[in-house]
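Participant: got a predicted model here, sequence first, then my questions.
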Amino acid sequence: MQGTPPSSAVARSDFITAMRRVAASVTVVTTDGTAGRHGATVSAFSSVSADPPTVLVCLHAKSRIAAAVEANGRFCVNVLPDHSDSIADRFAGAHDREIADRFTGIPCQGDKGMPPQIDGATSFACTIDNVVQSGSHLVVFGRVEAVGHGDREPLTYLDGAYHRVTPKTVQTMGAVN
């Protein structure tokens with residue numbers, strides 16, 4: 001296996017090229033509270049622990065969503081269903097010039113002051129447990145307080161494009177003697 005010795009940093013462009021080959025679920029992180037209602041498409045989301053249920057998201061430290069999540073103390077990770085390309089684009093800021101509020105026309109659940117849960121998404125409503133800065137990003141650990149079960153396969157992102165999860169076809173093999 002070809003690689004770089006651990007003592008030297010890999011070139012940024014090499015890192016980005018390699019990361020483009022890693023598929024990820026497309027998520028929208030939402031928050032609401034004293035800092036207002038905000039949402040952003042986020043690619044770095046992971047389960048941390050089942051005991052207690054904990055997830056993490058990585059947010060650019062200088063972004064509006066990072067500031068709002070920290071100030072509100074709560075967030076929701078919405079794993080978008082496979083038909084939600086337009087929602088992903090909206091929360092990535094693709095339509096900010098035309099639409100002032102990213103939530104306009106997006107069906108969500110949740111009381112005022114609570115992080116919105118996007119209809120149809122698999123959701124993880126969290127309270128911040130810990131925040132760690134690493135490089136340009138904040139790693140935000142959230143204690144999961146509620147989950148919502150999505151109704152479809154997740155939308156994924158790979159090599160600069162959205163994809164849908166398709167199961168491999170199981171081929172039956174003849175009996176081996």
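Facilitator: Looks like it arrived, so ask away.

Participant: how near is Ile128 to Arg102?
Facilitator: Plainly put, Ile128 is 21 Å away from Arg102 if you go by C-beta to C-beta, to the nearest Å. Using the backbone N, CA and C atoms, a C-beta is placed for each residue, glycine as well.

Participant: please identify which of those two sits among more neighbours.
Facilitator: Set Ile128 next to Arg102 and count neighbours by other C-beta atoms under 10 Å: Arg102 wins out with 22 against 16.

Participant: is it true that that one touches Asp89?
Facilitator: No: look at Arg102 against Asp89 with C-beta atoms under 8 Å: they stay out of range, at 10.3 Å.

Participant: pull up the overlap in contacts between those two.
Facilitator: His95 (C-beta atoms under 8 Å, 6 or more residues apart in numbering).

Participant: using CSV, write out every CA atom in stretch 57-77.
Facilitator: The C-alpha coordinates for stretch 57-77 follow below in CSV (Å, rounded to 0.1, in the frame of the first residue of the first chain):
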residue,chain,number,x,y,z
VAL,A,57,-21.1,16.5,13.3
CYS,A,58,-18.2,18.6,12.0
LEU,A,59,-19.1,22.2,11.3
HIS,A,60,-16.8,24.9,9.8
ALA,A,61,-15.7,26.9,12.9
LYS,A,62,-16.4,30.2,11.2
SER,A,63,-19.8,29.3,9.8
ARG,A,64,-23.2,30.6,10.8
ILE,A,65,-24.5,27.1,11.6
ALA,A,66,-21.6,26.5,14.0
ALA,A,67,-22.2,29.7,15.9
ALA,A,68,-25.9,29.1,16.0
VAL,A,69,-25.6,25.5,17.2
GLU,A,70,-23.2,26.5,20.0
ALA,A,71,-25.4,29.3,21.1
ASN,A,72,-28.6,27.3,21.0
GLY,A,73,-27.1,24.3,22.6
ARG,A,74,-29.2,21.9,20.5
PHE,A,75,-29.2,20.6,17.0
CYS,A,76,-30.9,18.0,14.8
VAL,A,77,-29.1,15.9,12.2
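
Participant: any idea of the pLDDT on Ala100?
Facilitator: pLDDT recorded at Ala100 is 90.
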